[in-house]
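> just coords:
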């Protein structure tokens with residue numbers, strides 16, 4: 001039980017580090033969300049007003065605290081493009097994503113068990129080497 005507790009604390013620490021690193025990388029990127037949302041011919045006052053509305057004019061620790069607090073509550077904000085809550089967009093895409101992922105996992109399992117069984121059953125060295133080379137090449141190929 002102590003081992004599981006240690007692993008759980010380590011996992012939470014890792015998640016926090018990834019979230020913090022993500023926030024810092026977004027802050028280090030040139031420009032901000034207001035630059036993307038304001039029309040190219042907008043006035044500087046319009047950009048300043050949007051920065052204030054989005055909280056981008058606040059100090060970095062305040063922005064981080066607000067961002068993390070919203071994230072922990074499940075408030076992922078609003079999509080700039082669709083003007084819908086991000087959580088709703090993700091929720092609507094979840095069934096299709098789960099179906100595609102599970103079918104991919106099932107197909108991978110079936111193919112790998114068949115290839116592995118063939119390799120284990122056959123003593124023909126050429127077939128084993130060809131299948132090993134083919135499966136390694138397929139595994140190493142980048143996904144699209």
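The structure has been received and is ready for your questions. As the structure is a prediction and not an experimental result, all values here were calculated from the model.
> Could you identify the helix or strand that succeeds the helix or strand bottoming out on mean pLDDT in the chain?
Lowest on mean pLDDT, DSSP states H and E among the helices and strands of the chain sits helix 33-37, with a mean of 74. Using DSSP states H and E, the helix or strand that follows helix 33-37 in sequence is helix 44-54.
> How far does that next one sit from its chain's centre?
Centroid displacement of helix 44-54 relative to its chain, using C-alpha atoms, centre = their mean, to the nearest Å, is 29 Å.
> before we move on, what about stretch 74-88?
Taking C-alpha atoms, centre = their mean, the mean C-alpha location of stretch 74-88 is offset from the chain mean by 15 Å.
> quick one on the thing from earlier: not counting the least confident helix or strand of the chain itself, show me its contacts.
Residues outside helix 33-37 that contact it (C-beta atoms under 8 Å, 6 or more residues apart in numbering) are 47, 50-51, 54, 56, 80. The C-beta positions use only the backbone N, C-alpha and C, and glycine is treated the same way.
> Then stretch 10-24?
If you take C-beta under 8 Å, 6+ apart as the criterion, stretch 10-24 is touched by 64, 67-68, 71.
> Tell me the helix or strand right after the top helix by length along the chain.
Longest helix in the chain, counting residues (DSSP state H): helix 86-121. Next helix or strand after helix 86-121 toward the C-terminus (DSSP H and E): helix 125-140.
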